[in-house]
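> need coordinates for the below:
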Amino acid sequence: MVMVYNKLLNFAGVMGWDDGESPAGWNMWRFTMWLLFGAIAIVTAILNITWAAHGKDSRWFRFASLSFTALTLCSFYSQSAQWAAHEDWAALMDVVPTMSSWLWVCVISSILINSVSLFKKSSR
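The predicted structure follows:
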């Protein structure tokens, strides 16, 4: 795992993502944080549906999925704020318009997917 992280840090340095002001790798961590939180949100949503389908208590997966969805939004906003603070208008213009639409879709999907276990439980 450390080897993968070091390769990502090297990639960040080659791409010019390290601004020199932040601790080594901090910008790369910010870049990958919303991807990591989003992946965890998807996995916990799938576990939520799976456990609910088997009749098991899935409230903790539902909580985790919605929490990681919120953390995904916060980390993406943090990254956008960093780009704005560094006046990286090209990054903002490239990423934010597309990702804002996709984040709306992902949040609505997360709410709907996680509500499946609520409706299944209440139908009993």
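
> chain center to stretch 108-123, what's the gap?
Stretch 108-123 has its average C-alpha position 20 Å from the chain's average C-alpha position, going by Cα atoms, centre = their mean, to the nearest Å.

> again with stretch 71-78
Taking Cα atoms, centre = their mean, one finds stretch 71-78 lying 7 Å from the centre of the chain it belongs to.

> let's see that stretch as CSV, backbone CA atoms only.
The C-alpha coordinates for stretch 71-78 follow below in CSV (Å, rounded to 0.1, in the frame of the first residue of the first chain):
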residue,chain,number,x,y,z
LEU,A,71,-17.6,13.5,3.1
THR,A,72,-17.2,13.1,-0.7
LEU,A,73,-19.0,16.4,-1.2
CYS,A,74,-17.0,18.1,1.5
SER,A,75,-13.7,16.9,0.1
PHE,A,76,-14.6,17.9,-3.5
TYR,A,77,-15.6,21.3,-2.2
SER,A,78,-12.3,21.6,-0.3
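
> can you pull the buried residues of it?
For stretch 71-78, a neighbour-count test (16 or more other Cβ atoms under 10 Å) marks 71, 72, 73, 75, 76 as buried. The C-beta positions use only the backbone N, C-alpha and C, and glycine is treated the same way.
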